[in-house]
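Chemist: Below are the sequence and a predicted model; questions follow.
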Amino acid sequence: MIYLVHGSDPSSSRKLIVNQFTNKNTQNKIEIYAEDIFPDRLFELVRTGDIFGNSPFIILDVSNISPQASAEFLPVVSKTPKDTTLIIYCNRGLPTSNVFVKSALECGIKIIENEQKIESNVFRFIDALLGKNRRLSYVEFQKLLKEGNDHFYLFSMILYGLR
């Protein structure tokens, strides 16, 4: 099975990859970067298993290669056996013009997109704070911190709201 996992939420993508690995119930996991390997070597890895007959579980990270370089891997991906699990991973969202996205139907690639959803709003936090709504202020504050907003940014926005 071939998967294309991409999007701006790498933690969800990694969680999905770990779940696939545990469901596969194999010990033969290979993580490689596309800039470090040639397509011929990837072809060998996709075709070979271990001495016990287990099929490989390969994660190919294509985050740092150009679109022209990713086109070189397409013939290897299209010739991947059905029992081999190949995950093409990118830590950012891929456009529809990407080679793997365009050829997903012909190669049998299952596309999984993990986009990070923004749930917080700093202005909703400021409105709740200045409206003396303690519960909503804490809820919005926790959402802002969970998404990685800086404390100094939040403090400056409070001062902006007070002006």
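Modeler: On my side now, so go ahead.
Chemist: biggest helix in this protein by residues?
Modeler: Scanning the chain for the longest helix, with DSSP state H as the assignment, gives helix 10-24.
Chemist: isn't residue 154 right up against residue 125?
Modeler: Yes - with contacts counted by Cβ atoms under 8 Å, residue 154 reaches residue 125, the gap being 7.4 Å. In short, each C-beta sits where N, CA and C put it, glycine included.
Chemist: Quick check: neighbours shared by those two?
Modeler: Shared contacts of residue 154 and residue 125 (Cβ atoms under 8 Å, 6 or more residues apart in numbering): 141, 144.
Chemist: can you map out the helices along the protein?
Modeler: In the chain, the segments counted as helices under DSSP H are 10-24, 39-47, 67-72, 74-78, 99-102, 104-107, 122-130, 134-146, 151-162.
Chemist: Can you list the buried residues in the fifth one?
Modeler: What it means is helix 99-102. Of all the residues in helix 99-102, those buried under the rule 16 or more other Cβ atoms under 10 Å are 99, 100, 101.
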